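In: Build me a structure from this.
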Amino acid sequence: MDFSARILDLVRASADNVVKGSSVVDVSRELYTWIVRERIPESAFNYCAELVTCVTHPNEYGLQLRDNLAKPTSKTTKISGLNINLAGSVGRLMSFDIDYCYMVTTVAVVMEFHDMAFASTVLCNMALDKGGHDGGVVYPYDIRRTRIKPVITKIVDSIALNVVNCGHTLQALPDELQGLCIHVTDPETFAAVIMAVQRATENIVLLCDVLYGDVIAWLIAHFMGIIEISIAGKRTFEKRCGSREVRATVVVVHRCSTRVDGHPNLGETAFLELSTNTSGVKKTVLQAGPSWRSGPTPTARMALYDTSNISKRRPTRSLRNEELHTFLTPSEISDIQLNAQAVLDWLLNLHIKPENRTVAVGFGINLSSNQGSLPNIGSLLSNWPGLLHKNFGGPLRSLVIFTPPTETSREKHANRGKHGSKVAWADILECFPTIRTLLDNIRPRCRCNSCQNETPVDYNYRQPGCLPAMALTVLLTLLSHAITDGFGAVDVSGICQSKIELPSLAMQKVLSELIFDKRVLWRTWFSIAALNVLGCSLGDSLEAPDHEVEEGASEPVAVQYGSLVIVAKWVDLTVEQHFQGCFGFHCTEGSLVEVGDEYAVVYSEKSMQPPEALGDTSWTFSSSNDYESPSGDSNDIIDAWEAKSNSGETSMANICVNTAIIGAGSPYRLLTMIKSDGYLRIVDPSEILAALSKSETFQSGHGGSHPVDACLDRKYISFWTFDELLGAWDNSNYTYDRNTQAVVPLNMATAIIIGGPVVDNLPMYYVTTNIETYLELNVAMALSPFDGCLIKRRDDCLPCAIARLKDLQEVCWSNGPRILICDKGIRPLGLIAN
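Out: Residues are numbered from 1 along each chain as shown. Down below sits the predicted model:
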């Protein structure tokens with residue numbers, strides 16, 4: 001069968017199931033795009049497809065996975081204003097083809113216990129298996145493996161990322177087997193057993209020393225008859241899994257329910273034997289001794305705060321009392337959890353403060369104060385992390401959570417910054433006495449070289465098996481899950497949890513920025529959430545882009561990995577935005593329209609330079625000779641504002657926003673284009689974060705009848721329609737200072753009031769008119785050129801709001817021009833008062 005025919009078979013099998021109403025052309029394009037993107041030769045694809053066709057089939061229970069994948073009814077949707085395509089991937093397509101669907105169900109089962117590499121080896125073994133394992137399991141060298149392994153590996157990756165990592169999986173084991181100690185086999189034994197079961201036409205008996213959960217889970221999803229399981233002589237489970245009358249009896253010799261007790265009934269030799277029973281005649285068809293008897297290390301999606309992959313790794317042979325040092329004890333794990341709670345509580349209560357724009361959007365923090373009311377780091381998060389609500393057995397014994405870094409550490413950090421190196425863990429842990437005490441208490445029980453020789457442990461290059469390093473990894477993983485929980489996640493990907501060093505490295509950057517830079521950066525915290533939710537190894541993908549190389553890039557706003565997408569919640573400028581909870585995302589299943597890669601990072605494009613110069617409009621009060629100074633009567637300002645409001649304001653029918661993702665590889669760029677009657681500009685949505693932190697809502701409680709403060713008649717008051725501000729307002733007229741790593745105004749002097757007079761005829765007060773929608777309000781805030789806004793509600797006093805502007809420099813803003821945004825129709829935002 002040629003290449004085109006194989007593609008057509010897959011397309012026909014899946015076109016009507018992956019997405020209701022999708023065309024054959026759409027699905028075939030998806031498959032062909034994948035083959036081209038992965039650079040799979042046609043000959044290799046054909047050869048592999050021939051070998052893996054109809055190796056086995058799932059039963060009715062296994063086919064439930066396919067039914068779940070067929071549920072989406074809408075082809076395209078939106079998330080945070082971005083279009084999402086729900087078309088299937090190759091991993092999904094194969095689940096609808098009867099010849100290949102077993103690959104999807106097998107990978108789903110395997111990832112409940114193993115990683116993707118294990119699944120690739122198993123599928124290769126299944127395709128090449130010839131039987132003959134009655135004397136032991138051996139897969140001799142076969143040149144065909146060299147041809148099919150690369151293709152199968154890419155297929156497994158697609159299934160893992162687009163099916164399993166999206167939460168479409170099968171229950172690992174039935175409830176009757178929960179609570180038992182689960183062991184797993186090696187890939188050779190696993191493949192040999194399931195292929196022997198597949199070939200058997202009579203009743204089979206599977207005799208094994210312990211409960212091998214991966215084999216049992218595969219049988220439940222693929223065996224076409226009755227499965228019966230007995231453990232240590234007791235019938236534990238029975239289920240009909242198919243229409244055939246054949247029976248598979250699994251006899252488990254030893255019942256072990258705990259790791260700490262040392263598996264007292266466990267034998268020295270692992271064994272697994274499969275035999276058939278025909279009319280009372282037993283025939284052995286397989287004998288195996290699994291090369292390890294370890295516990296599962298799942299890579300399917302996991303619950304938040306599940307660190308069992310790190311803290312409860314099982315040994316390769318039966319556990320003896322003298323080997324207990326290889327694990328963290330329950331009391332040690334409890335201490336780790338309590339320390340994680342204490343550090344998280346300290347972190348979330350750190351006060352934050354607005355700061356001048358820098359290369360990355362973020363907030364300053366005050367390390368000397370972490371008590372009191374908002375705003376604090378916790379107020380930034382979309383959800384309150386559930387880690388603080390968990391009961392881990394008692395209060396933390398140590399009360400000293402944090403001490404400021406020493407001058408030596410600060411100097412070392414400054415020197416590292418010049419060379420671009422990371423902060424050492426020793427310098428970070430120096431600031432957390434409670435964590436140091438925890439690790440010091442665990443260290444005497446560790447037998448690694450560093451701990452036995454009492455030499456300092458280098459946590460930057462921690463050795464696997466070192467108990468203090470394992471404890472630190474568990475603690476940092478809990479903290480990274482708490483941040484992910486705060487962003488709105490409901491679970492985490494098991495793919496990254498199998499790479500236990502990744503959350504630790506991510507938290508190292510968070511803590512170093514907190515301690516030494518005194519900053520909370522959106523991109524750093526967003527990268528941790530993306531790592532845990534999507535499972536992608538981000539590396540430097542979300543690091544600050546080079547100021548010259550990545551010209552035009554602003555902040556990461558979306559990440560796609562497989563068929564999962566997360567998008568920052570503030571990307572959609574048409575909805576109400578809040579400062580409180582701005583660190584959050586929306587997560588959905590699908591792929592971003594116009595993004596063809598399985599892994600992609602999308603940055604927002606910086607705001608476009610305005611076509612007009614910032615200056616007076618035709619409706620301006622001033623004390624210059626060109627204008628009559630206002631008398632101080634509130635009606636002067638109110639009449640002028642109302643006249644401006646009614647002087648041909650742009651119709652909302654002509655104000656719209658369009659988004660587009662451009663680029664040919666990561667990082668992609670998000671263009672957010674705002675159009676009015678007279679202008680079309682690109683606006684950076686990330687600017688809304690800084691604007692929200694430096695804005696407040698004004699409430700006078702009465703109408704606009706109070707007189708204007710006398711001091712106002714010596715300052716300009718400039719009125720702006722939305723069309724005018726879209727054409728002239730700009731907050732990006734800044735230059736990059738390499739010494740301070742800050743972005744400062746190009747002409748700082750023109751924005752400063754010296755002794756009262758206005759410099760270069762810049763108005764002192766900028767007042768908008770007819771802001772009627774969230775789109776207008778968000779755009780005005782994002783473009784506000786003078787470091788913050790005051791937002792007046794619809795029915796509040798305009799003169800009082802203008803009078804309030806002169807007090808704002810005492811709060812957080814510079815002694816320069818200020819913005820008043822007048823809300824004429826929408827309800828007030830939930831902004832903080834700084």
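In: separation between the nearest residue to F722 once chain neighbours are set aside and V683?
Out: Closest residue to F722 apart from its sequence neighbours, by Cβ to Cβ, 6 or more residues apart in numbering: E776 at 5.0 Å. Where you see a C-beta, it was placed from the backbone N, CA and C, and this is true even at glycine. Using Cβ to Cβ, to the nearest Å, we find E776 at a distance of 11 Å from V683.
In: my read is T284 is in a helix, agree?
Out: No. Assessed with DSSP: H, G, I helix; E, B strand; the rest coil, T284 is strand; it does not lie in a helix.
In: so it makes contact with D134?
Out: Yes. The criterion here is Cβ atoms under 8 Å, and T284 meets it with D134 at 5.3 Å.
In: Now name the helix or strand holding the residue nearest to K234 when sequence neighbours are not counted.
Out: Leaving aside its chain neighbours, K234 sits nearest to R255 (7.9 Å; criterion: Cβ to Cβ, 6+ apart). Using DSSP states H and E, R255 sits in no helix or strand.
In: Contacts only, for R255.
Out: 180, 231-232, 234, 265 (Cβ atoms under 8 Å, 6 or more residues apart in numbering).
In: mind giving me CSV with those residues and columns for secondary structure and neighbour count?
Out: Formatted as CSV, the contacts of R255 follow (DSSP: H, G, I helix; E, B strand; the rest coil; neighbours: other Cβ atoms under 10 Å):
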residue, secondary structure, neighbour count
L180, coil, 18
I231, strand, 21
A232, coil, 13
K234, strand, 9
N265, coil, 14
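In: Of the residues you listed, just say which sits nearest to Q580.
Out: In terms of Cβ to Cβ, no member of those lies closer to Q580 than L180, at 45.9 Å.
In: shouldn't S480 be in contact with S527?
Out: No. With contact defined as Cβ under 8 Å, S480 does not count as touching S527 (10.3 Å).
In: can you list residues touching both of those two?
Out: In contact with both S480 and S527: A506, using Cβ under 8 Å, 6+ apart.
In: what about S409, which SS state?
Out: helix.
In: who's in contact with the closest residue to it other than its chain neighbours?
Out: Excluding the flanking residues, the one nearest S409 by Cβ to Cβ, 6+ apart is D427, at 4.6 Å. Each residue near D427 by Cβ under 8 Å, 6+ apart is listed here: 405, 409, 412-413.
In: Dump the contacts of R255 to CSV, plus pLDDT and distance to G225.
Out: CSV is the format used below for the contacts of R255 (pLDDT from 0 to 100; distance: Cβ to Cβ, whole Å):
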residue, pLDDT, distance to G225
L180, 84, 23
I231, 92, 20
A232, 89, 24
K234, 91, 22
N265, 51, 30
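In: May I ask which helix or strand encompasses V215?
Out: helix 213-222.
In: Report the rounded mean pLDDT for that helix.
Out: Confidence over helix 213-222 (mean pLDDT, whole number) is 94.
In: tell me the domain boundaries of this protein?
Out: 3-288, 326-519, 620-655+680-822 (automatic domain parsing).
In: could I get the ones you listed as a markdown table with distance to L670?
Out: Shown next, in a markdown table, are these (distance: least, Cβ to Cβ, whole Å):
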| stretch | distance to L670 |
| --- | --- |
| domain 3-288 | 8 |
| domain 326-519 | 14 |
| domain 620-655+680-822 | 8 |
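In: rank those by mean pLDDT and give me the bottom one.
Out: domain 620-655+680-822 (a mean of 62).
In: Now the two most distant members of the contacts of R255.
Out: Spatially, the most separated pair among the contacts of R255 is K234 and N265, at 13.6 Å (Cβ to Cβ).
In: On the pLDDT front, check the most centrally placed residue in the chain for me.
Out: For the chain, the residue nearest the mean C-alpha position is A530 (2.0 Å; Cα atoms, centre = their mean). A530 is assigned a pLDDT of 93 by the prediction.
In: Regarding it, what is its secondary structure?
Out: helix.
In: Can you give me the distance of it to C496?
Out: Applying Cβ to Cβ to A530 and C496 gives a distance of 10 Å.
In: do the same with Q64
Out: Going from Q64 to C496 by Cβ to Cβ gives 27 Å.
In: just E696 next, same as before
Out: 39 Å.
In: ok, those two, which is more surrounded?
Out: C496 (26 against 20; other Cβ atoms under 10 Å).
In: Please verify my assumption that S554 contacts D684.
Out: Yes. Taking Cβ under 8 Å as the definition, S554 is a contact partner of D684 at 4.9 Å.
In: overlap in contacts of the two?
Out: Shared contacts of S554 and D684, defined by Cβ under 8 Å, 6+ apart, comprise 604-606.
In: I227: helix or strand, and which one exactly?
Out: Taking DSSP H and E as the definition, I227 sits inside strand 226-231.
In: Can you list the helices and strands that that strand packs against?
Out: On a contact count with 3 or more Cβ pairs under 8 Å, 6 or more residues apart in numbering; DSSP states H and E, strand 226-231 meets helix 213-222, strand 234-240, strand 247-252.
In: Please repeat the previous calculation with a cut-off of 6 Å.
Out: Using 3 or more Cβ pairs under 6 Å, 6 or more residues apart in numbering; DSSP states H and E, the elements in contact with strand 226-231 are strand 234-240, strand 247-252.
In: Mind putting the ones you listed into JSON lines with distance to G393?
Out: Formatted as JSON lines, the helices and strands packed on strand 226-231 follow (distance: least, Cβ to Cβ, whole Å):
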{"stretch": "strand 234-240", "distance to G393": "32"}
{"stretch": "strand 247-252", "distance to G393": "33"}
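In: Between those, which one is closest to A119.
Out: A119 lies closest, by Cβ to Cβ, to one member of these: strand 247-252, at 22.1 Å.
In: which other helices and strands contact the closest one?
Out: So strand 247-252, by 3+ Cβ pairs under 6 Å, 6+ apart, packs with strand 203-208, strand 226-231.
In: Could I get these in CSV, plus columns for distance to P41?
Out: Shown next, in CSV, are the helices and strands packed on strand 247-252 (distance: least, Cβ to Cβ, whole Å):
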stretch, distance to P41
strand 203-208, 40
strand 226-231, 41
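In: Relative to H389, which of these is closest?
Out: Evaluated over the helices and strands packed on strand 247-252, closeness to H389 peaks at strand 226-231, with 36.2 Å, by Cβ to Cβ.
In: That closest one: partners in the sheet, and parallel or antiparallel?
Out: When pairing is defined by DSSP bridges, strand 226-231 lines up against strand 234-240 (antiparallel), strand 247-252 (parallel).
In: what angle separates the last one from strand 203-208?
Out: Using axes from the mean of the first three to the mean of the last three Cα atoms, to 10 degrees, the inter-axis angle of strand 247-252 relative to strand 203-208 is 10 degrees.
In: Please export the C-alpha coordinates of strand 247-252 as CSV.
Out: Extracted in CSV, the C-alpha atoms of strand 247-252 (Å, rounded to 0.1, in the frame of the first residue of the first chain):
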residue,chain,number,x,y,z
ARG,A,247,-10.8,-16.4,30.9
ALA,A,248,-7.6,-14.8,32.1
THR,A,249,-6.8,-15.7,35.6
VAL,A,250,-4.1,-13.7,37.3
VAL,A,251,-2.5,-15.3,40.4
VAL,A,252,-0.4,-13.0,42.5
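In: ok so, going back, right, so the strands paired with strand 226-231: which one is the most enclosed?
Out: Of all the strands paired with strand 226-231, strand 247-252 has the most neighbours on average by mean count of other Cβ atoms under 10 Å, namely a mean of 20.
In: just checking, what packs against the following helix or strand past it?
Out: Next helix or strand after strand 247-252 toward the C-terminus (DSSP H and E): strand 272-278. With contacts taken as 3+ Cβ pairs under 6 Å, 6+ apart, strand 272-278 sits against strand 203-208, strand 281-288.
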